[in-house]
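In: Test case, fold it:
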Amino acid sequence: MVVSLVAAFDLAVGSTTRLAECHGELARRFIESEKIYSKGKDLTDSEFEDAVNQRLGIEASEPTPLRLLDAYVSL
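Out: Numbers count the residues shown, from 1 in each chain. Model prediction:
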């Protein structure tokens, strides 16, 4: 049990830096896509479709949740 807790802690702490960098990059990309939406009603259908596809690409790039940690929290 101690080994499992240490492994979970190491996973969480070791991932923090990588996840923070990933979050920063995704936030920058999302803000860039929001600039397109700021045109409002002046968007063409093509621009709107491009913005939606860009946003979906950002969402697809998001890291998966660490479900292992959820299991330990519920113990």
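In: Pass me the low-pLDDT residue ranges in this structure, would you?
Out: 1, 10-15, 66-75 (pLDDT under 70).
In: center of it, which residue is that?
Out: The structure's the chain has its C-alpha centroid closest to residue 62; by C-alpha atoms, centre = their mean the separation is 3.4 Å.
In: After the longest helix seen in the chain, which helix or strand is next?
Out: Once the chain is assigned using DSSP state H, the helix that runs over the most residues is helix 2-37. Beyond helix 2-37 on the C-terminal side, the first helix or strand identified by DSSP states H and E is helix 45-61.
In: Surely the residue nearest to the centre of the chain and residue 29 touch.
Out: No: contact between residue 62 and residue 29 fails when scored by C-beta atoms under 8 Å: they sit 10.6 Å apart. Placement of C-beta: from N, CA and C, glycine included.
In: so what's the nearest residue to residue 29 once chain neighbours are set aside up against?
Out: Nearest in space to residue 29, with sequence neighbours left out and distances taken as C-beta to C-beta, 6 or more residues apart in numbering, is residue 58 at 5.1 Å. Contacts for residue 58 were tallied using C-beta atoms under 8 Å, 6 or more residues apart in numbering; they are 26, 29, 30, 33.
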